[in-house]
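Need coordinates for the following:
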Amino acid sequence: MSKYSIIIPTFNEKKNIFILIKRIKKFLKKNNYEIIVVDDNSYDGSITVFNKIKKKERKFSFYIRREKKRDLSKSIILGIKKSKFNNLIIMDGDLQHNPKYLPILIKNFNTQKQDILVAVRNFKKRSGLSNIRFFLSLSLIALINLIFKKKTTDPMSGFFVVKKTVFIRSKKKLYGKGFKILFDIIYSSNKNIKVNDYSIKFDSRKNNKSKMSLKILFHIFLLVIQKMINRLI
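From the prediction side, this is the model:
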């Protein structure tokens, strides 16, 4: 049976993380997995919840990044380094990525020859996205597909399955910071990398507000520039 490391970057998700872990357990009863939470030094008391979960769940572990600069990609990279298995699932901790899709994604990943499986947002339905995020996401995706060879319909997704070996091979070319690590991994990898899509409904954010900011957009801009430069080298 294939084994999976589920890596969840968090920041101030105290009200969501216990619910998320409970739902993951519910949908993955027949699977072999571990859950790794990497927290960006939350100030909402998340660590208390992590410790309570840790006492009850042997498959759960957590790490706190205490660096001054919070960074989702760096949190995910730390989680990958701490992971035990070669199959990695990356998902957010705000309940927008529904754990009900996990067994479907795992079955698909186990049966199809692929390096990355992206849980792509269904943009025909705006559920879970504000008007600003909806049009911003579509604009960024259109820009990326215009500049680079299209590999997925949603390179901005934060919910995906990837082989650890793919990450390792692309590591030297990674931008390695910011908030869109899927795009970073895909366009730092070998041109022959196989990427498949699986459409999901993107749920509304629970108990927290969107973390979209000018800082995130700035890093996306730098990420695109870096990938363009790498193509020319």
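
Going by C-alpha atoms from here, please, whenever you check contacts or count neighbours.
Will do.

Of all the helix elements in this structure, which one is longest?
helix 214-232 (DSSP state H).

mind checking how far stretch 142-160 is from the chain centre?
14 Å (C-alpha atoms, centre = their mean, to the nearest Å).

Output stretch 78-93 as CSV, nothing but the C-alphas.
Extracted C-alpha coordinates of stretch 78-93, given in CSV (Å, rounded to 0.1, in the frame of the first residue of the first chain):
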residue,chain,number,x,y,z
LEU,A,78,10.4,22.3,5.9
GLY,A,79,7.5,19.8,6.0
ILE,A,80,8.9,18.0,3.0
LYS,A,81,12.3,17.7,4.7
LYS,A,82,10.6,16.2,7.8
SER,A,83,8.4,13.8,5.8
LYS,A,84,8.9,10.1,5.9
PHE,A,85,7.2,9.1,2.6
ASN,A,86,7.9,9.7,-1.1
ASN,A,87,4.3,10.6,-1.9
LEU,A,88,3.4,14.1,-0.6
ILE,A,89,0.0,15.8,-0.3
ILE,A,90,0.1,19.6,0.2
MET,A,91,-3.1,21.2,1.4
ASP,A,92,-4.1,24.4,3.3
GLY,A,93,-5.3,24.4,6.9
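
Residues contacting that stretch, please?
Under the criterion C-alpha atoms under 8 Å, 6 or more residues apart in numbering, residues 2-10, 13, 16-17, 20, 36-38, 76, 97, 158-165 lie in contact with stretch 78-93.

Give me the buried subset of these.
Buried members of these, counted by 16 or more other C-alpha atoms under 10 Å: 4-10, 13, 16-17, 20, 36-38, 76, 97, 158-164.

now, which of those lie within strands?
Applying DSSP state E to the buried ones among the contacts of stretch 78-93, the entries found in strands are 4-10, 36-38, 160-163.

closest to S199 among these?
Closest approach to S199 among those (C-alpha to C-alpha): F160, at 11.1 Å.

Quick check: the closest one touching I116?
Yes. Contact criterion C-alpha atoms under 8 Å: F160 and I116 qualify, at 7.1 Å.

chain center to the longest helix of the chain: distance?
So, by C-alpha atoms, centre = their mean, the centroid of helix 214-232 is 18 Å from its chain's centroid.

Can you name the element that comes right after the helix or strand in which K55 is found?
Here K55 is covered by helix 46-56, with elements defined by DSSP states H and E. Next in sequence after helix 46-56, counting helices and strands by DSSP H and E, comes strand 60-64.

Show me what that next one is packed against.
strand 32-39, helix 46-56 (3 or more C-alpha pairs under 8 Å, 6 or more residues apart in numbering; DSSP states H and E).

Tell me which of these approaches Y198 most closely.
Of the helices and strands packed on strand 60-64, nearest to Y198 by C-alpha to C-alpha is strand 32-39, at 20.7 Å.

quick one: contacts of the closest one?
Looking at what lies outside strand 32-39 - C-alpha under 8 Å, 6+ apart - the contacts are 1-11, 59-65, 75-76, 78-79, 83.

And for stretch 186-196?
Outside stretch 186-196, the residues that reach it (C-alpha under 8 Å, 6+ apart) are 113-118, 151-152, 166-167, 169-171, 173-174, 227.

and the nearest residue to L28 once chain neighbours are set aside, what element?
Of all residues not flanking L28 in the chain, P103 sits nearest, at 6.4 Å (C-alpha to C-alpha, 6 or more residues apart in numbering). Using DSSP H and E, P103 falls within helix 102-111.
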